[in-house]
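*Asks:* build the 3D model from these lines:
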Amino acid sequence: MLTATVSGSFHRHMDAITSAVHELASLNVRVLSPADPRIVAQQGEFLFVASDPIRSVRLVQDRHLESIKAANFVWLVSPDGYVGQSASMEIGYAAAIGVPIFAAQLPTDLTLRQYVKLAPSLEAAVNMTRINPNRRRPDGILIDPRASIEYAHLILEKIGTALTRSSGSTDSAGLVHANISALRSTLALPTYMQ
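*Replies:* Next up, the predicted model:
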């Protein structure tokens, strides 16, 4: 199943964002963020939606960035060409990690529009992605914490077994290093964590 993240100005375009989330679901695309775009709280100018389990601006934005990294594509909602500061950062992030960004209306900002592919509709963007899906990273700990933690425990058990029951062969060393790499990938957290 394809996955997508929806970006745009929650203040100016929330109805269009909500419509995009529902349309993606009808097209059999899993929306990683915002999965449930109903506004439930606000902190200053920052709006929290129902799918934000924790009311922390930093963790919500980190989760959204992780969703971009895990998605097959980003759908940018900018019906009047306006892209706010947060969505601008999200476009830059997606572009930097190679996640395609589609929109029915290009941003008015000349620089941002260099990174966004025009699609006549959301369905067209989904079809373009199905034809040429990018490699998708598994859901990270901020998107699916239970599954990530369970998988991390399994990997740690494999590492423990290899280190305590092996004969010290090069096969064991390769297994340990491969599992450490898998653990790093599983627990990959957003950059700039303090």
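*Asks:* got a list of what the most centrally placed residue in the chain touches?
*Replies:* With distances taken as Cα atoms, centre = their mean, the residue of the chain nearest its centroid is Ser67 (1.3 Å). By Cβ atoms under 8 Å, 6 or more residues apart in numbering, the contact list for Ser67 reads Thr5, Leu32, Ser33, Ile143. Quick note: C-beta positions are derived from backbone N, CA and C, even for glycine.
*Asks:* what of Trp75?
*Replies:* Per Cβ under 8 Å, 6+ apart, neighbours of Trp75: Ala4, Thr5, Val6, Ser7, Ala20, Leu24, Phe102, Ala103, Leu122, Ala125.
*Asks:* ok, now with 7 Å
*Replies:* Going by Cβ atoms under 7 Å, 6 or more residues apart in numbering, Trp75 touches Ala4, Val6, Ala20, Phe102, Leu122, Ala125.
*Asks:* may I have the beta-bridge partners of it?
*Replies:* Beta-bridge partners for Trp75, by DSSP bridges, are Val6, Phe102.
*Asks:* mind listing what's buried along the helix or strand hosting Leu112?
*Replies:* Using DSSP states H and E, Leu112 sits in helix 110-113. For helix 110-113, burial by neighbour count (16 or more other Cβ atoms under 10 Å) applies to Leu112, Arg113.
*Asks:* following it, which helix or strand shows up next?
*Replies:* Heading towards the C-terminus - elements assigned by DSSP H and E - helix 110-113 is followed by strand 117-118.
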